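A.B. asks: predicted model and sequence follow; I will ask about them next.
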Amino acid sequence: MRPETGTMQFEGDWRGVFIRGDNAFAYAMALKLMRDQLFDIIGDKPIVYMPVDDLIELLEGSNQRSGEYPIHNSMKNYARCISE
């Protein structure tokens, strides 16, 4: 049993979004391509690109091989989380 990409909510807390690493990598690649094409159309507008670049960095942080990004939350095994 494993969590799939989608919305997730811990009891008593706000909803969040969980994105599996393989999905995150694909989303990051697609966003990079779109960002680069958008740059060619509208030019340099930091207010547009900053949140997109932040999202790309967040998604790329799921790459376990790079070791470049910190882990912000570490959880118990998923089956233990949903059974307790």
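C.D. replies: Happy to help now that I have it. All values derive from a computational prediction rather than experimental measurement.
A.B. asks: could you look up the SS state of Met8?
C.D. replies: At Met8, secondary structure determined by DSSP: H, G, I helix; E, B strand; the rest coil is strand.
A.B. asks: residues near it, how many?
C.D. replies: 14 (other C-beta atoms under 10 Å). In this view, the C-beta of every residue, glycine as well, is placed from N, C-alpha and C.
A.B. asks: and it, bridged to which residues?
C.D. replies: Per DSSP bridges, the residues bridged to Met8 are Gly16.
A.B. asks: where's the spatially most central residue of the chain, which helix or strand?
C.D. replies: Nearest residue to the geometric centre of the chain (C-alpha atoms, centre = their mean): Leu59, 3.4 Å. Assessed by DSSP states H and E, Leu59 sits inside helix 46-60.
A.B. asks: just the buried residues of that helix, please?
C.D. replies: Residues of helix 46-60 classed as buried by neighbour count (16 or more other C-beta atoms under 10 Å): 56, 59-60.
A.B. asks: average pLDDT across that helix?
C.D. replies: Mean pLDDT, computed over helix 46-60, is 87.
A.B. asks: and what of stretch 29-40?
C.D. replies: Averaged across stretch 29-40, the pLDDT comes to 90.
A.B. asks: kindly export the helix holding Leu59 (C-alpha atoms) in PDB.
C.D. replies: The C-alpha coordinates for helix 46-60 follow below in PDB (Å, rounded to 0.1, in the frame of the first residue of the first chain):
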ATOM      1  CA  PRO A  46      10.000  37.900 -12.800                       C
ATOM      2  CA  ILE A  47       6.600  38.200 -11.200                       C
ATOM      3  CA  VAL A  48       5.400  35.500 -13.600                       C
ATOM      4  CA  TYR A  49       8.400  33.200 -13.400                       C
ATOM      5  CA  MET A  50       9.300  33.300  -9.700                       C
ATOM      6  CA  PRO A  51       6.400  31.100  -8.500                       C
ATOM      7  CA  VAL A  52       6.800  28.800 -11.500                       C
ATOM      8  CA  ASP A  53      10.500  28.400 -10.800                       C
ATOM      9  CA  ASP A  54       9.800  27.800  -7.100                       C
ATOM     10  CA  LEU A  55       7.300  25.100  -8.000                       C
ATOM     11  CA  ILE A  56       9.800  23.500 -10.400                       C
ATOM     12  CA  GLU A  57      12.400  23.400  -7.600                       C
ATOM     13  CA  LEU A  58       9.900  21.900  -5.200                       C
ATOM     14  CA  LEU A  59       9.000  19.200  -7.700                       C
ATOM     15  CA  GLU A  60      12.600  18.500  -8.500                       C
END
